[in-house]
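**Student:** 3D, please:
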Amino acid sequence: MNASGLNLTENNSRSDFCRFNEDFKFILLPVSYTLVFVVGLALNFTALFVMVFRTKHWKPSTIYMFNLTMCDTLYIFTLPFLIFYYADENDWPFTEPLCKMIRFLFYSNLYGSILFMCCISLHRFVGICFPVRSLSWVSTRRARLVSVAVWASVLFCQGPVLYFSRTRSTTTKQIICYDTTSPELFDDFLLYSSVVSVLMFALPFMVLMVCYGLMVRKLLEPGWGPGGEVLTAQRTKQKSVKMIIIVLAAFMLCFLPFHLTRSLYYSLRYLRKVDPTQVSCSLLESSSVAYKVTRPLASANSCVDPILYFLAGQGTRSSFIRKSRPSSPKPTVSPDVTTRI
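**Tutor:** Numbering: from 1, shown residues only. Take a look at the predicted model:
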């Protein structure tokens with residue numbers, strides 16, 4: 001039995017020990033993380049290039065997207081360490097502080113992405129449902145302050161990960177870098193993880209669903225449009241619909257499966273520790289497999305986020321193309337509320 005068969009539930013009794021065969025992850029995780037690294041690095045670097053060198057006037061949505069892209073880029077740089085770790089079958093050759101930092105950046109990226117997606121969605125919601133009030137509510141200064149608050153919240157809530165993440169030597173002389181924590185700290189980690197999941201995933205997800213419902217109802221109203229301009233209203237609707245689809249896809253494909261399977265695995269693992277007769281080893285192993293399968297999906301959000309910028313951003317593609325072509329005179333267009341959203 002290799003390192004993947006480590007005892008996951010430890011106490012003074014051996015009746016709750018379960019040994020798993022998780023050899024599949026030594027192929028799944030390195031391959032999937034490599035794909036995320038290559039694709040995500042290219043997309044995020046392109047998004048950063050467009051924002052930094054091709055965008056003259058930053059709107060609030062641009063500020064949120066820049067922070068979202070930076071969050072993803074920091075995480076992507078940690079993937080080579082995880083690729084090497086899992087390709088070497090759970091043998092961590094680096095230091096424990098680096099293990100802590102890698103796990104910390106993973107969860108910071110995860111919840112930072114969720115919160116900045118919420119900021120982008122709420123920003124669009126205000127512009128659609130309260131177009132007049134948004135002129136005074138929304139500004140680049142406030143967007144910067146909100147971004148600082150998001151980073152502070154993420155760093156504060158994920159700080160305990162630096163404590164819980166540990167390394168440990170096995171009987172086969174391998175060094176494990178726990179993606180949760182050491183067995184003796186699991187009960188405390190379960191409580192911490194549950195609170196963070198509710199505050200930084202469940203609540204933002206419910207807020208998004210309510211906002212999107214109100215946005216769709218507003219967009220479907222007859223004659224809706226800023227300033228009565230049909231063409232402008234149509235473009236705004238298209239951008240809003242694209243954003244709704246992309247954000248919901250990210251939540252449904254990347255975030256929701258990960259949180260559901262992780263919560264199930266953690267719960268079964270805790271029940272197995274409390275009373276081994278309640279949860280069989282086969283059931284616990286199945287939940288563990290499901291959880292590990294969804295981990296690459298959570299990482300894939302680093303590839304989805306730049307797509308949100310390019311497809312639902314404010315004139316991103318036209319700006320990028322315009323900079324690559326000879327300049328031509330532009331018709332004068334009167335300002336309208338959509339410049340804010």
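
**Student:** quick one: the helices in the protein?
**Tutor:** 25-53, 60-76, 79-87, 96-129, 134-137, 140-158, 161-164, 186-197, 203-219, 230-250, 256-274, 281-299, 301-312, 316-324 (DSSP state H).

**Student:** Next, format these as CSV and append mean neighbour count, mean pLDDT and distance to residue 172.
**Tutor:** For glycine as for every other residue, the C-beta is placed from the backbone atoms N, C-alpha and C. Output for the helices of the chain, formatted as CSV (neighbours: other CB atoms under 10 Å; pLDDT from 0 to 100; distance: least, CB to CB, whole Å):
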stretch, mean neighbour count, mean pLDDT, distance to residue 172
helix 25-53, 18, 94, 15
helix 60-76, 23, 92, 30
helix 79-87, 19, 95, 15
helix 96-129, 22, 91, 18
helix 134-137, 13, 74, 59
helix 140-158, 15, 95, 31
helix 161-164, 17, 96, 24
helix 186-197, 16, 95, 22
helix 203-219, 15, 90, 41
helix 230-250, 17, 76, 39
helix 256-274, 19, 94, 22
helix 281-299, 19, 93, 20
helix 301-312, 22, 83, 33
helix 316-324, 13, 45, 51
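
**Student:** Out of those helices, flag the one nearest residue 174.
**Tutor:** helix 79-87 (10.5 Å; CB to CB).

**Student:** what angle do that closest one and helix 96-129 make?
**Tutor:** 120 degrees (axes from the mean of the first three to the mean of the last three CA atoms, to 10 degrees).

**Student:** about what we covered before: same list, the helices of the chain, but as JSON lines with distance to residue 170 please.
**Tutor:** JSON lines is the format used below for the helices of the chain (distance: least, CB to CB, whole Å):
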{"stretch": "helix 25-53", "distance to residue 170": "15"}
{"stretch": "helix 60-76", "distance to residue 170": "27"}
{"stretch": "helix 79-87", "distance to residue 170": "14"}
{"stretch": "helix 96-129", "distance to residue 170": "15"}
{"stretch": "helix 134-137", "distance to residue 170": "55"}
{"stretch": "helix 140-158", "distance to residue 170": "27"}
{"stretch": "helix 161-164", "distance to residue 170": "19"}
{"stretch": "helix 186-197", "distance to residue 170": "17"}
{"stretch": "helix 203-219", "distance to residue 170": "37"}
{"stretch": "helix 230-250", "distance to residue 170": "36"}
{"stretch": "helix 256-274", "distance to residue 170": "19"}
{"stretch": "helix 281-299", "distance to residue 170": "17"}
{"stretch": "helix 301-312", "distance to residue 170": "31"}
{"stretch": "helix 316-324", "distance to residue 170": "49"}
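
**Student:** Please tell me how far residue 93 sits from residue 99.
**Tutor:** 11 Å (CB to CB, to the nearest Å).

**Student:** Identify the residue spatially nearest to residue 279, adjacent ones excluded.
**Tutor:** In this structure, residue 279 finds its nearest non-sequential neighbour in residue 272, 4.2 Å apart by CB to CB, 6 or more residues apart in numbering.

**Student:** And residue 43, by the same measure?
**Tutor:** Closest to residue 43 by CB to CB, 6+ apart is residue 306, at 3.9 Å.

**Student:** What distance do you get for that neighbour to residue 243?
**Tutor:** Taking CB to CB, one finds residue 306 at 14 Å from residue 243.

**Student:** ok, now residue 63?
**Tutor:** For residue 63, the distance to residue 243 - CB to CB - is 16 Å.
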